[in-house]
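# okay, sequence plus prediction incoming.
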Amino acid sequence: MKIVRYATLCLALTASATTLCAQEDTKTSDTTIVSTETKKKVSFHFHIYAPPKPGKGYITAGGNGPLLSFANVKLNDERMRNIPRFTVFFNVGTNYNYDFNNNIGIFSGLNIKNIGIITKPNDSVKLKQRVYTLGVPVGIKIGDLRSGTFLYFGGEYDMAFNYKEKYFLDGDKKSKFNEWFSDRTDLFMPSLFAGFRFGSAFGVKGQYYLNNFFNEDYTETKGGVKTQPYKNLKANMMFVTLSYNFGIKARSHNKTTTTTEYRKGTKVIIEKRTEITD
């Protein structure tokens, strides 16, 4: 009987040891599976691309941003009250740039601007008068052109292609109208500007118009009577704007590859990367 008992005990111990080994093998196998699994890590990278080397022309998309206008307005040589005018829409442009070296460059381009004045001839009446212009600037840049921190100045010649006027009485809008290529203002409006670019894309610019905003010789007929509504009315206007200048991406092709060059700065890219980790 003792032999049977010993034999039974040995069989039980052997079965227990076999079960434990199987469980251990299963754990080891599970651990191996987990360790071979891969995890994806997503990260975002912010890039600012520098302009091309000096001696190459390049195009930038930019212009005037939010625009705050002021004016020195006089009627019969007496100062007329006016209100600063703020506008965001519609100011855009494109510039052509050429840098002689890392510190000096020139630029020109085309800019569309919304400029105008707000006057109060008396306590009851308010007039809002504005023009859309297409301007051609010519300027010089001096500073660190590679990093985008520099001074710039020059002149611009604008062509006024749309005039709009609103008339308010005691705070209520009574009338408004707009005219294409109106004679109420000069067709061409010369100006001088100066500004400072900081960082790589944004800056501040001031611009002053040399001529009278109004055409004093303009004549209109109302009720059979000819009048000159802007006679002896002088308004010299200036504005301050948050300017911007973004790069344009250009692609070049050859037989086997396509390369991308990010031009004058800056083109800002937020890049998504997926990294594989153990």
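Received the coordinates, thanks.
# lowest-pLDDT helix or strand in this structure?
strand 258-262 (a mean of 42; mean pLDDT, DSSP states H and E).
# report pLDDT for G62.
Note on G62: pLDDT of 78.
# could you check which helix or strand contains it?
Per DSSP states H and E, G62 falls inside strand 57-75.
# now that strand - C-alpha only, CSV.
Below are the C-alpha coordinates for strand 57-75, written out as CSV (Å, rounded to 0.1, in the frame of the first residue of the first chain):
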residue,chain,number,x,y,z
GLY,A,57,14.3,87.0,-57.7
TYR,A,58,11.4,85.6,-55.8
ILE,A,59,7.7,86.3,-55.3
THR,A,60,6.0,86.8,-51.9
ALA,A,61,2.2,86.9,-51.2
GLY,A,62,1.4,89.6,-48.8
GLY,A,63,0.4,93.2,-48.3
ASN,A,64,-1.5,95.3,-45.9
GLY,A,65,-3.5,93.8,-43.1
PRO,A,66,-5.7,95.6,-40.6
LEU,A,67,-5.6,99.2,-41.5
LEU,A,68,-6.1,102.3,-39.3
SER,A,69,-6.5,105.6,-41.3
PHE,A,70,-6.1,109.2,-40.1
ALA,A,71,-6.6,112.5,-42.0
ASN,A,72,-5.9,116.2,-41.6
VAL,A,73,-9.2,117.6,-43.0
LYS,A,74,-9.8,121.4,-43.6
LEU,A,75,-12.8,123.2,-45.1
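# show me where the chain has its helices.
Ranges of helices within the chain are 2-36, based on DSSP state H.
# could you list the low-pLDDT ranges of the stretch 51-200 of the chain?
Applying pLDDT under 70 to the stretch 51-200 of the chain flags residues 51-52, 200.
# on that earlier part again, other SSEs contacting the strand holding G62?
Where contact means 3 or more Cβ pairs under 8 Å, 6 or more residues apart in numbering; DSSP states H and E, strand 57-75 is packed against strand 81-83, strand 85-87, strand 92-99, strand 104-120, strand 233-247. C-beta here means a position set from N, CA and C on the backbone, and glycine is covered the same way.
# next, the buried residues of the longest one.
Of the residues in strand 104-120, those with enough neighbours to count as buried (16 or more other Cβ atoms under 10 Å) are 105-107, 109, 111-119.
# equivalent analysis for stretch 154-167, please.
154, 156, 158, 160, 163-166.
# among those residues, name the ones in strands.
154, 156, 158, 160, 163-166 (DSSP state E).
# picking that back up, okay, the helices and strands packed on strand 57-75 in CSV with distance to L127 next?
Putting these into CSV (distance: least, Cβ to Cβ, whole Å) gives the following:
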stretch, distance to L127
strand 81-83, 9
strand 85-87, 11
strand 92-99, 27
strand 104-120, 5
strand 233-247, 11
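# quick one: contacts for T149?
143, 197-199 (Cβ atoms under 8 Å, 6 or more residues apart in numbering).
# top of the residues you listed by neighbour count?
Counting neighbours by other Cβ atoms under 10 Å, R197 leads those with 24 neighbours.
# before we move on, the earlier item: arrange the ones in strands among the buried residues of stretch 154-167 in JSON lines, one row each, with distance to N76 as further columns.
Below are these laid out as JSON lines (distance: Cβ to Cβ, whole Å):
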{"residue": "G154", "distance to N76": "35"}
{"residue": "E156", "distance to N76": "30"}
{"residue": "D158", "distance to N76": "27"}
{"residue": "A160", "distance to N76": "25"}
{"residue": "Y163", "distance to N76": "23"}
{"residue": "K164", "distance to N76": "25"}
{"residue": "E165", "distance to N76": "21"}
{"residue": "K166", "distance to N76": "24"}
